[in-house]
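Chemist: model the following, please.
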Amino acid sequence: MEYRASEALCEILLKNDFVDTTHIPYPGYAKQMKDRGFDPGFMRRKLSFGGPRGRNHILFVEGSFLIYVMGNYIKPGLFFSLRPEELKSVIAFFKCDAFSRRKLFSDHNGKIYELYQVLREMQEEPNFYTQKRYELFREEFENVKL
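Modeler: Numbers count the residues shown, from 1 in each chain. Below is the predicted model of the structure:
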């Protein structure tokens, strides 16, 4: 199963502490969503983490989405889908404290959607991943609800 830009994906993000902030940059889309619901193929929607004006958010853009960390979108840019473990990695990353996010982001070249691989590596090489941020990420990853 893959998660694509959809109302279902938005609901998963909302139940994992994201906030719908579409009304700030896109008041017209926010009104349309209120009247007719979210149509991911033709609308934009912004879900923020850490406050309405936060620099960490996911922006849905006409059938795809961009993931922003500290105000910059992560490579490869537009995403059309995420596998469950990738989605859990992104959510768990955002749930970590700011210091851990910065370190995880830089340690893994911004590929936050691949952080689930660290969990496997932690089991194989537990002495390599002794920093608190990795334990925090593991706990958050296990607590994500899809």
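Chemist: so which residues of this structure form helices?
Modeler: Counting by DSSP state H, one finds helices in the chain at the ranges 7-15, 27-36, 84-95, 98-107, 116-124, 132-143.
Chemist: among those, which is nearest residue 58?
Modeler: Closest to residue 58 of the helices of the chain is helix 7-15 (Cβ to Cβ; 6.5 Å). To be clear about C-beta, it is placed using only N, CA and C from the backbone, and glycine gets the same treatment.
Chemist: buried sites along that closest one?
Modeler: 9-10, 12-13 (16 or more other Cβ atoms under 10 Å).
Chemist: can you pull out the residues in contact with that helix?
Modeler: 3, 20, 37-38, 40, 45, 47, 58, 60, 87, 91, 145-146 (Cβ atoms under 8 Å, 6 or more residues apart in numbering).
Chemist: show me the shaky parts of this structure.
Modeler: For the chain, no stretch has pLDDT under 70.
Chemist: tell me the domain boundaries of it?
Modeler: What automatic domain parsing lists as the domains of the chain is 1-82, 83-146.
Chemist: endpoints of the last one, how far apart?
Modeler: In other words, domain 83-146. 11 Å (Cα to Cα, to the nearest Å).
Chemist: hmm, back to that, now, which of the buried residues of helix 7-15 sits nearest residue 25?
Modeler: residue 10 (15.8 Å).
Chemist: who's in contact with the residue nearest to the spatial centre of the chain?
Modeler: Centroid check for the chain by Cα atoms, centre = their mean gives residue 90 as the closest residue, at 4.0 Å. Applying Cβ under 8 Å, 6+ apart, we find residue 90 in contact with 58, 67, 82, 112-113.
Chemist: so which of the residues you listed are in strands?
Modeler: Among the contacts of residue 90, the members found in strands (DSSP state E) are 58, 67, 82.
Chemist: what's the burial count for residue 119?
Modeler: Residues lying near residue 119 (other Cβ atoms under 10 Å) number 18.
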